[in-house]
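# have a look; sequence and predicted model below, questions after that.
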Number of protein chains: 2
Amino acid sequence: MNEIPPRRTLPRLDESLLKHLPPFSKLERREIRTILDQATSRRYEEGVAIFDEGAPADRFFMLLDGYVRVVRITPTGDQVTALHIPAGQLLGIAKAIGRDSYPATAMTATESIVLSWPARLWDTYVADYEGFSTETYNTVGNRLGEMNNRVVEMATQQVEQRVANALLRLINQTGRKVSDGIEIDFPITRQDLSELTATTLHTVSRLLSGWEKRGLVQSKRKRITVTNPHALVEISQA
Amino acid sequence: MNEIPPRRTLPRLDESLLKHLPPFSKLERREIRTILDQATSRRYEEGVAIFDEGAPADRFFMLLDGYVRVVRITPTGDQVTALHIPAGQLLGIAKAIGRDSYPATAMTATESIVLSWPARLWDTYVADYEGFSTETYNTVGNRLGEMNNRVVEMATQQVEQRVANALLRLINQTGRKVSDGIEIDFPITRQDLSELTATTLHTVSRLLSGWEKRGLVQSKRKRITVTNPHALVEISQA
DNA sequence: GTAGAACGTTGCGCTAAGACAAATTGTCTG
DNA sequence: CAGACAATTTGTCTTAGCGCAACGTTCTAC
């Protein structure tokens, strides 16, 4: 009954694999080859840290497969999730914004495959490879926009709207079509959702129960499927 | 009793004026001269929009004198203040992050002097002037970090802590030493503070009244002076 | 299989802070 | 200086949603 997810293996590193990823999309095969030769590839189990907040930013990373949760931990021990990163994006690019330590912790949300490079190569890549920096700054810009939206949301919306929004964002960015709707493509608990929306797992649980009764979502343990996104949009705007 | 603030005049645009500002600090006089020649200088009254959210980002700006409030307005009409920008920073740099419309509205918090350039020059400056892009990306990075902090704050802290934090940030970034403490260097209302901290003007008013009784702050209409920053730090961490 | 842990659900009471209301004070304009 | 308006203060009432507690369910390890 219970499918065992296939164990992801380190892929043969192939230029064509990277060719369509934003940071590399404008590069020649030969250039990608060079970049690949300088990369380290590694598989991470689910739920482990790729790098920790505050640690010296000596490498930067690209997520080849899987999902990563970027979290910050307050002095009082509360966790807040900043964002989820899907495969194909750079992460840990502190160097790009003039930091020399990571501003947050990156944890794998699923088993993941990650490439990484020594930080000193950053400047080289920016200088040598056309489009590399533009594309990555667009990523930074998008994240800034996302965070702005989060602030506006948290400032003006009720908990129910925020949770609805978070679900919508998750299925947009990391959704996978299934028979009865769109499923969030990685294991996510009530606690996780509450850390995304600045509320408690109890409140999230109550909301999801309610929505499930009304047929808007379906959820198993650690799995959430949105069956009626349109109704969620309604709620998020109410 | 009431000093009339001097009317700011358009300054004679001088290279040495810009030489110490981060985006230009690494440039030659000659290069700065070129940039200046391409700039338009303009004075804005207090409380007017420099550019509006959603408008095509056809220019980018540098604040030469004054303060600017960056706000977003929700569909329901609520205003949320994203940040305050002090003199010496670039703003409206949508182009830097691959946007072609402004993601927020910039309003002057005081009378201000602003330089601006047509957006098409952005790429030229990035390509031609060493350090120009690095410095501005650091600005973007700092704003991203700020917004991250805001999200964490709003997710984990009580209103009282958030307002204390906001005041501390304001006096750090835009504070002016006065006889009895540090004053926020531009007119700011309870309403403004509430839009910064995701609360209501009533709650802010109560908090300030309480702090004033305890001797931590002093406030006149539209003016706030922090007389005991250390105690505010205590509150912000409580 | 069984024990224990991790995850999820639900009920109840409480409180921080928002909503509403009304009065006061300061500022600007003609 | 009167009148209008903007900003602030303060009081009372209400409620969203948090904290706590108890219990159910699913998964994992041995």
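Noted; the coordinates are in hand. Residues are numbered from 1 along each chain as shown, chains lettered A, B, ... in the order given.
# which residue is nearest the centroid of chain A?
residue A:85 (1.6 Å; C-alpha atoms, centre = their mean).
# doesn't that residue belong to a helix?
No - Residue A:85 is assigned strand when assessed by DSSP: H, G, I helix; E, B strand; the rest coil, not a helix.
# how about the helix or strand of chain A with the lowest mean pLDDT: buried residues?
One helix or strand of chain A scores below all others by mean pLDDT, DSSP states H and E: helix A:15-19, with a mean of 83. Buried residues in helix A:15-19, counted by 16 or more other C-beta atoms under 10 Å in any protein chain shown: A:15, A:18. To be clear about C-beta, it is placed using only N, CA and C from the backbone, and glycine gets the same treatment.
# which other helices and strands contact it?
helix A:29-37 (3 or more C-beta pairs under 8 Å, 6 or more residues apart in numbering or on different chains; DSSP states H and E).
# identify each buried residue in the helix it packs on, please.
With burial defined by 16+ other C-beta under 10 Å, the residues of helix A:29-37 counted as buried are A:31, A:32, A:34, A:35, A:36.
# repeat for stretch A:84-101
A:84-87, A:89-97, A:99.
# may I ask which two of those residues are separated the most?
A:87 and A:99 (24.0 Å; C-beta to C-beta).
# quick check: of the buried residues of stretch A:84-101, which lies closest to DNA strand D?
residue A:84 (20.6 Å; C-beta to the nearest atom of the strand).
# any idea how far residue A:188 is from that closest one?
Using C-beta to C-beta, to the nearest Å, residue A:84 is found at 9 Å from residue A:188.
# how's chain A carved up into domains?
Following automatic domain parsing, one finds the domains of chain A at A:15-153, A:157-237.
# do the last one and chain B meet?
Yes - under the criterion of C-beta under 8 Å from any C-beta of the partner chain, chain B is reached by domain A:157-237 at A:195, A:198, A:237.
# out of those, who's nearest residue A:181?
Using C-beta to C-beta, those come closest to residue A:181 at residue A:237, 19.8 Å.
# might one say that that closest one is in contact with residue A:160?
No - Residue A:237 lies out of contact with residue A:160 (C-beta atoms under 8 Å); the separation is 11.2 Å.
# same drill for the two, tell me which one is more crowded.
Per other C-beta atoms under 10 Å in any protein chain shown, whichever of residue A:237 and residue A:160 has more neighbours is residue A:160, with 18 against 12.
# ok so the more buried one is a helix residue?
Yes - assessed with three-state DSSP, residue A:160 lies in a helix.
# so what would you say the end-to-end distance of stretch A:122-137 is?
For stretch A:122-137, the first-to-last residue distance is 13 Å (C-alpha to C-alpha, to the nearest Å).
# mind listing what's buried along it?
Burial within stretch A:122-137, assessed by neighbour count using 16+ other C-beta under 10 Å, is assigned to A:122, A:125, A:126, A:129, A:132, A:133, A:134, A:135, A:136, A:137.
# repeat that for stretch A:51-61.
Using 16+ other C-beta under 10 Å as the test for burial, stretch A:51-61 gives A:51, A:57, A:58, A:59, A:60, A:61.
# can you check the pLDDT for the fourth one?
If I follow you right, that is residue A:59. Looking at residue A:59, its pLDDT is 97.
# find the residue closest to it in space, skipping its chain neighbours.
In space, and not counting its chain neighbours, residue A:59 is closest to residue A:116: 4.6 Å by C-beta to C-beta, 6 or more residues apart in numbering or on different chains.
# next, count neighbours for that neighbour.
Around residue A:116 there are 19 residues (other C-beta under 10 Å).
# what secondary structure does it sit in?
Residue A:116 - assigned by three-state DSSP - is strand.
# tell me which other helices or strands the helix or strand hosting residue A:211 touches.
Using DSSP states H and E, the element containing residue A:211 is helix A:201-213. The elements that helix A:201-213 packs onto, with contact taken as 3+ C-beta pairs under 8 Å, 6+ apart, are helix A:159-174, helix A:190-197, strand A:217-220.
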